[in-house]
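Student: need the 3D shape of this:
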Amino acid sequence: MNDCSSTMKPINSRSISVQIQTLHQRLLHALNLGTRYFDEKTNTWKWQCANIEVQKNVLRSINAFLDSISGDARATRHTIVKESVSDVLGALLCILEGKSGPLLSMASNVAVKLVSILPNSLLQSRIVELVCCLSSLISSHQVEVAIDCANALNLVVSNLSATSERTVMEALKDTAIASHIVGNIKDFAGGAKKIEYFEQMGSLLSTILWRWPQSRFPVSSDVKLMKALADMHMVTDSSVKLVLLKMYTSLALCDFVAKKLIEDGVFVEMVVQAMEKSNPQVVRIEGFKLARCLLRCQENFIRMRNLCGDALVNAIICGMRETGLSSKKGGINHGSLLLEACQLGLITRWDGDHHIRFWEHGIDRVLLNLVLENIQDKSSEHVLSLEEQISTANKSLKSNYHLGLRSYLWDILGCLMIHCGENFNPYTYGSELHINTLITCACLTFVDTIQKWCRICQNDVDDNFQSEPVSRAVLMMIYSPCNHISSHARLVLSDRMKVIGIPSLKSLIHTLDYTSSLASYGSSDKLQLVINLIGLNSLSSLPEYQKCIIESKAMKAVVLIVKRCLSNDIHMERPSMAPHLLTSFHERSCCCIDKEDWEGSNVLLFYGLWALSSFVHQCSLLQDHTQKFTTAVTYIKAQLLNKLHETCSSTCLSPGVRWYASYILSYFGCYGFPNELAKWIGKSLNQEEYADLRLIVANGASVNVNGVILAVRCPSLLPREILTSSKNCEEGTDKYGETMREVRLSAHVDYEALVLLLEYVYLGCLQAEEDMVKKLKILAKRCNLQPFLQLLYRQCPEWGTPFPCLNLTSALNSVGSCFSDVILEAETNELVGWTCNFCSNSVPHSHVHKVILQSGCEYLQGLFRSGMQESHSQVIKVAISWEALIKLVQWFYSNNLPNPPAGCLWDNMDDEQKLFNLQPYVELNWLAEFWMLESIQEASWNVIVSCLDSARHLSARIIKMAYNLSLWKLVDIAANFMAPSYRQLRDSSDLEEFDEALVHLIYSASIRFAQEGGNCSR
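Tutor: Next comes the predicted model:
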């Protein structure tokens, strides 16, 4: 053993005060009263002393020394401090670990001071020891000690670096810190401990939940804790509210938790109330943060909007009116209420009636006051000429008023404009002056942006952050369904482009042509591509520039960009060029299955398709350019047509991208929405086999159809009695002996148009000449097929409109029940309380339709045509469980195999629950091989492998299932997953219950694993 003097020698320092040096000497003297020894177990030097008075003296010395360097940043970086930290920590840890009652309060207080004054970097060498020691005292019966330890631990965890976070959080996990804190909070709720206890425990828990995703779901599943938190909703103490909101925010980072929270109307009301003006600013800011965290996806937003849409909008508007002096000029304090309100205002990007509420609450005035300074001086003027609007806007925009907010403001403005209805008049809700001035401001900034970004060498842009948002906002204004907005936007843009006009457009096209063919792209190049594509889209809406665009190289450049995007050669997500969209919530979220925004993840593809659609549309309208249109169509047909069909069918691409691909295809005579499921269903069109309806037109011509498909896809063609009863109509019999019901259509129905319409109903799309399109429009309108009509009239896609997909799952409900002609019955298993909505059979089953089953499965097609007894049976027994049968039927009717629970739901299941969820996919993998369903086989295989990869210990159970079902490929993959643990399994006798052949397979996999250097190959 050694005393501390051997390593802590006085150091002559001229850069620190005499007082610090004196207190440092006293600290050394106090530490030297103890002894140091080397702990081989932890490989560190430790301090020890059994004398309580010496320990008190050490604590007082540490406390005094820390007081002397507090607030002096230079002192904390000085050598004598750095070299003292290890022994100071050693002594403090020794005293804390001793848990001596009289000293604990004093030691925990010193611990708080230590971690609040010294940076984590100085504590790094023993930070794991420190957090473990503090966490062991979290539940101390001495309330003050528990409070101090929670406070100290919170300070340490809050300031962890990225390199040490994982190590520290793993150490805390081993101490079961989360469950201890949860227990303490529940004790507080049922006892008489002071509020500071809850504040420190709650604050620490929220910090841990923020950095440790795996803890969120278990904490939220503690019913008593969540009830205790719910009971605090009405507490008026602002400090308690603040902690409560922070805890909910950290919990809501798990999307499953967020969804569960939003289902509670009382909770949602509490969140909205927290944002109200009656609360202190810190509480309101935290309320906005919680709302933003909850509303990371559209699904959650819709739920919250339905519960309290008006109150939510009102809170945002009130927050955006908070224009304090601290945030006006230049940048902005990123913790401000104004910024939080603007960030939450981005809920305008989603479709819904909340846009009207924003207008009703005066969003035009609010936005204008944030964009322009002193605009209220003009509020009394009802009319300003365009020149006066431009002059006013120019002067104010140059002042950089609220510059840090501009990106949010342009996004909110653009979304409000694009989501207006065709008959919407914003002037009914807002001021014409305010709205027109906002449009003018955006157009002025956009024209400046175009001028900056239309040069090939672009390195001098100092406001990149608002280049894309303002360009996007202007594009949204120009293509707004509201005529008032779109016409004024075009007017202002046309006026401002007069000066730079054609030369700037040619420069833009030249730059676009150059950058489209670059071998590689930096972020600036991609941003330039986006700005130029938006510029091209915007200017193509102005008649004076359309001829120049058509006669230029623009189309070839755009086609090349689209091709490269579809080949994954170029990809750019919007947040990479609009950094205001990047938030810490997205970085820290778990289980958040974000559905892409309407424009999709690759905005270059979206704007490229938009530009291509504008080009084709303008060519078709200009009569004196028919040859140019023919040339363009020929070029696009050769380069892109097949790719566009694939784009429409791809469920991996966003609705906006697929809509524009379909819109472009309409100029090639292809109308509709190609779909993989339609490729199967389309084979049944006008086939007598399985047809149960005959549609007859006035001239006697008829076509055979399937009632279930029409009931889902085009119910307007069927009389109501057919949809509600299977008996009240004329009946005949086809050559297959099946009942054929006849439906006589109106004399106005054209047979050729009907045949084409049925192609759309069955195939999702059709090919038609212009003369036939006119007849189709009439029939489609009577059948109320709105998306199809939109393409027939070649109307530009409406922002936010879902992409129509052929999905027949509603046929499994009452809609298709009267057309059901066969039952799929699962293997009998115990399902307590299972009942059927359509019959009294108690064995789990599903009422389905032969026409749909046989279209997706050659095995069933052969079975139904075989003439054997099974082909005439009303019931087909399927040797799989009910859980597997549900998924099988879902796939038949949607071409989509439902996924098992994922993320935190999966991670927090026990092994039996995981196996219960995984077993149906093993059964489907077996059935798919027998029924020759390749796509189900592949989909189920991917699910099984993914689940086993995250829970490899389940492989031992899965390999038995696969072995019994002769699924040898799955046996091999399960053996590979078991390979690394073969020796442990062998030594623990876990392999004794396996067949010898199976053990040999696992052994062989372990040999391969060892030979390949420990890489478990799938």
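Student: buried stuff in stretch 871-889?
Tutor: Neighbour-count burial for stretch 871-889 flags 876, 878, 880-889 (criterion: 16 or more other CB atoms under 10 Å). The C-beta positions use only the backbone N, C-alpha and C, and glycine is treated the same way.
Student: sort out for me which of the residues you listed are in strands.
Tutor: Using DSSP state E, the subset of the buried residues of stretch 871-889 located in strands is residue 876.
Student: just flag the most distant two among the buried residues of stretch 871-889.
Tutor: Longest distance between any two of the buried residues of stretch 871-889 is 17.7 Å, between 876 and 883; criterion CB to CB.
Student: ok, back up a step: of the buried residues of stretch 871-889, closest to residue 150?
Tutor: Using CB to CB, the buried residues of stretch 871-889 come closest to residue 150 at residue 883, 44.7 Å.
Student: element containing the nearest residue to that closest one once chain neighbours are set aside?
Tutor: Nearest residue to residue 883 in three dimensions, chain neighbours excluded: residue 920, at 4.4 Å (CB to CB, 6 or more residues apart in numbering). Per DSSP states H and E, residue 920 falls inside helix 911-931.
Student: can you check residue 711 too?
Tutor: Using DSSP H and E, residue 711 maps to helix 707-713.
Student: name the helices or strands packed onto that helix?
Tutor: Packed against helix 707-713 by the contact rule (3 or more CB pairs under 8 Å, 6 or more residues apart in numbering; DSSP states H and E) you find helix 751-763, helix 814-817, helix 850-856.
Student: and the pLDDT for residue 31?
Tutor: On the pLDDT scale, residue 31 is placed at 90.
Student: my read: it touches residue 49, true?
Tutor: No: the pair residue 31 / residue 49 is not scored as a contact, 9.1 Å apart, by CB atoms under 8 Å.
Student: which of the two has more neighbours?
Tutor: The residue with more neighbours, out of residue 31 and residue 49, is residue 31; 27 against 19, by other CB atoms under 10 Å.
Student: next one: that one from residue 25, what distance?
Tutor: Taking CB to CB, to the nearest Å as the measure, residue 31 falls 11 Å from residue 25.
Student: hey, what's in contact with both of the two?
Tutor: When contacts are counted by CB atoms under 8 Å, 6 or more residues apart in numbering, the set common to residue 31 and residue 25 is empty.
Student: max-length helix in the protein?
Tutor: Criterion DSSP state H: the longest helix present in the chain is helix 483-516.
Student: give me the element residue 535 is part of.
Tutor: Here residue 535 is assigned to helix 523-539, by DSSP H and E.
Student: and residue 693, bridged to which residues?
Tutor: Residue 693 has these beta-bridge partners by DSSP bridges: residue 705, residue 741.
Student: isn't it up against residue 743?
Tutor: Yes: shown here, residue 693 and residue 743 form a contact pair, counting by CB under 8 Å, at 5.9 Å.
Student: those two: who's more crowded?
Tutor: residue 693 (25 against 19).
Student: how confident is the prediction for the residue nearest to residue 883, by pLDDT?
Tutor: On the pLDDT scale, residue 920 is placed at 96.
Student: just name the shakiest helix or strand of the protein by mean pLDDT.
Tutor: None of the helices or strands of the chain scores lower by mean pLDDT, DSSP states H and E than strand 731-733, at a mean of 48.
Student: how would you label residue 839: helix, strand or coil?
Tutor: Classification of residue 839 using DSSP: H, G, I helix; E, B strand; the rest coil returns coil.
Student: pLDDT wise, what is it at?
Tutor: Listed pLDDT for residue 839 reads 88.
Student: re earlier: dump the C-alpha coordinates for the helix holding residue 711 into PDB.
Tutor: The C-alpha coordinates for helix 707-713 follow below in PDB (Å, rounded to 0.1, in the frame of the first residue of the first chain):
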ATOM      1  CA  GLY A 707     -69.600 -10.100 -58.700                       C
ATOM      2  CA  VAL A 708     -67.000  -9.900 -55.900                       C
ATOM      3  CA  ILE A 709     -64.500  -7.900 -57.900                       C
ATOM      4  CA  LEU A 710     -67.200  -5.400 -59.100                       C
ATOM      5  CA  ALA A 711     -68.600  -5.100 -55.600                       C
ATOM      6  CA  VAL A 712     -65.100  -3.900 -54.400                       C
ATOM      7  CA  ARG A 713     -63.800  -2.100 -57.400                       C
END
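Student: buried sites along it?
Tutor: For helix 707-713, using 16+ other CB under 10 Å, the buried residues are 707-713.
Student: residues in contact with the closest residue to residue 262 other than its chain neighbours?
Tutor: Nearest non-adjacent residue to residue 262, counting by CB to CB, 6+ apart: residue 303, 4.8 Å away. Contacts for residue 303 (CB under 8 Å, 6+ apart) come out as 259, 262-263.
Student: and these, which of them are buried?
Tutor: Using 16+ other CB under 10 Å as the burial test, these include 259, 262 as buried.
Student: take the contacts of residue 303 and keep only those in helices.
Tutor: Members of the contacts of residue 303 lying in helices (criterion: DSSP H): 259, 262.
Student: kindly indicate which of the contacts of residue 303 lies nearest residue 97.
Tutor: The nearest one, if we look at the contacts of residue 303 relative to residue 97 and count by CB to CB, is residue 259, at 42.7 Å.
Student: per-residue pLDDT of that closest one, please?
Tutor: Residue 259 is assigned 94 on the pLDDT scale.
Student: please apply the same query to residue 623.
Tutor: If you check residue 623, the pLDDT there is 56.
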